[in-house]
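Visitor: please work out how this folds:
(one chain, ligands or ions: 2)
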Amino acid sequence: MFSCLAPAKLNLFLHITSRREDGYHCLQTVFQFLDYHDVLYFDVRRDGQLRYPVFAQPWPIEQDLIFRAAQLLQQYSGTSLGADIYVDKKIPVGGGLGGGSSNAATTLLALNQLWQLHLSKEILTQIGLSLGADVPIFLYGHTAWAEGIGEKLTALELDEPWYLVIYPGCSVSTREIFTDPALTRDTLPIKISTFLAGQTTNVCEPIVRSRYPAVDQAMKWLDQYRPSRLTGTGSCLFARFEQPAEAQAVLANLPEIGYGFVAQGRNVSPALKCFAEP
Ligand SMILES: C[C@](O)(CO)[C@H](O)COP(=O)(O)OP(=O)(O)OC[C@H]1O[C@@H](n2ccc(N)nc2=O)[C@H](O)[C@@H]1O
Ligand SMILES: Nc1ncnc2c1ncn2[C@@H]1O[C@H](COP(=O)(O)OP(=O)(O)OP(=O)(O)O)[C@@H](O)[C@H]1O
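Guide: Residues are numbered from 1 along each chain as shown. Ligands and ions are numbered 1, 2, ... in the order given. Below you'll find the model as predicted:
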């Protein structure tokens, strides 16, 4: 059985500069990976079936991003092979950590290798983008400055600090936040140097904090120790630390408002070590 990783990501900031005709938003963001991941397992099947045992998630299998990624790749390539697939989920769902998109990207990379399809990263990205705006960054696999809907990527080398990430006990629907009329959609485009100077924000924060009191409460709590920020459209928030022990010490004080974990930021996706280059 082939096992591989699907890491979480953080959006170190998130600006929305405009809205496309199809309703999707043009963003500016920086993605950094976390050393915190789900594990996926694959076995090739010769009978062409995709078998993915029902697991403890509330959505039907046809909506699962692992299943959909496998099905799309099968259809695109016309392979006669199938797979048995298992997932060990650790990344909180609907937390802005990109777990679903990461699962989809890892599935594309794994089955491209196991089915010996030799599809390029560009083709996998094309397939991946139809599954979610965050799939391309997980295929790209390097910390990046992102524009477009998150698919125009420029590699960045950043520090790799430790992050305390808090899941405040609730999930946030990305669609719900992106359709809120009060969302700021006209932030002036910035340059990478402005991000490096620290002059950024997450424009989803006020909307998410007013709709989800648990997020607001968790941010107020974390702000007592370090400046907190939302990742993506939430619900998770994070703060940076130079040493893991400092982050662990703050985590030890977390009241019963959810749960947290400490993980290191990574410029190279922990998923990539599982694969030969596609
Ligand atoms: C907020 C981010 O996490 C930032 O990294 C991503 O842009 C969200 O990416 P994602 O979860 O993969 O999002 P998708 O599954 O593609 O889209 C979910 C919904 O969010 C909205 N959406 C998403 C991305 C985007 N750039 N503009 C949008 O308006 C769309 O209404 C879409 O129906
Ligand atoms: N394998 C999967 N893992 C997680 N979510 C999945 C999966 N398959 C489908 N989904 C659906 O995708 C939705 C969003 O999942 P995900 O955890 O990626 O959100 P998120 O962390 O907020 O991501 P993003 O930052 O990309 O918005 C879930 O609510 C669920 O309905």
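Visitor: measure the closest residue in space to Leu251 that isn't next to it in sequence to Leu124 for me?
Guide: Closest residue in space to Leu251, ignoring its immediate chain neighbours: Gly260 at 4.9 Å, by CB to CB, 6 or more residues apart in numbering. Any C-beta I mention is one placed from the backbone N, CA and C, and that applies to glycine too. Using CB to CB, to the nearest Å, we find Gly260 at a distance of 33 Å from Leu124.
Visitor: what's the answer for Gln57, then?
Guide: 24 Å.
Visitor: the two - which one has more neighbours?
Guide: Using other CB atoms under 10 Å as the criterion, Gln57 and Leu124 rank with Leu124 on top: 23 against 12.
Visitor: sorry, back to before: contacts only, for the residue nearest to Leu251.
Guide: Going by CB atoms under 8 Å, 6 or more residues apart in numbering, Gly260 touches Leu164, Val165, Ile166, Tyr167, Leu251, Leu254.
Visitor: swap in Glu151?
Guide: Glu151 sits next to Thr125, Leu129, Ala133, Pro136, Ile137 when contact means CB under 8 Å, 6+ apart.
Visitor: number of nearby residues for the residue in the stretch 1-150 of the chain positioned nearest to ligand 1?
Guide: Of all residues in the stretch 1-150 of the chain, Gly132 sits closest to ligand 1, with a separation of 2.9 Å (CB to the nearest ligand atom). Neighbour count of Gly132, defined by other CB under 10 Å: 22.
Visitor: wait, what's in contact with it?
Guide: By CB under 8 Å, 6+ apart, the neighbours of Gly132 are Leu65, Gly100, Ser101, Ala104.
Visitor: also near ligand 2: which of those residues, exactly?
Guide: Checked against ligand 2 using CB under 6 Å from any ligand atom, those yield the following neighbours: Leu65, Gly100, Ser101.
Visitor: hmm, back to that, is it fair to say the residue of the stretch 1-150 of the chain closest to ligand 1 lies in a strand?
Guide: No: counting by DSSP: H, G, I helix; E, B strand; the rest coil, Gly132 is not part of a strand but coil.
Visitor: so which elements touch the helix or strand containing Thr194?
Guide: In the assignment (DSSP states H and E), Thr194 maps to helix 192-196. Using 3 or more CB pairs under 8 Å, 6 or more residues apart in numbering; DSSP states H and E as the contact test, no helix or strand touches helix 192-196.
Visitor: rounded mean pLDDT for that helix, please.
Guide: Mean pLDDT, computed over helix 192-196, is 95.
Visitor: near ligand 1 at all, the next helix or strand after that helix?
Guide: Remark: after helix 192-196, the chain's next helix or strand is helix 205-211, criterion DSSP H and E. No: counting by CB under 6 Å from any ligand atom, no contacts exist between helix 205-211 and ligand 1, the nearest distance being 10.9 Å.
Visitor: other residues contacting helix 205-211?
Guide: So helix 205-211 is contacted by 172, 176-177, 180, 182-183, 215-216, 219, 229-230, 233-235 (CB under 8 Å, 6+ apart).
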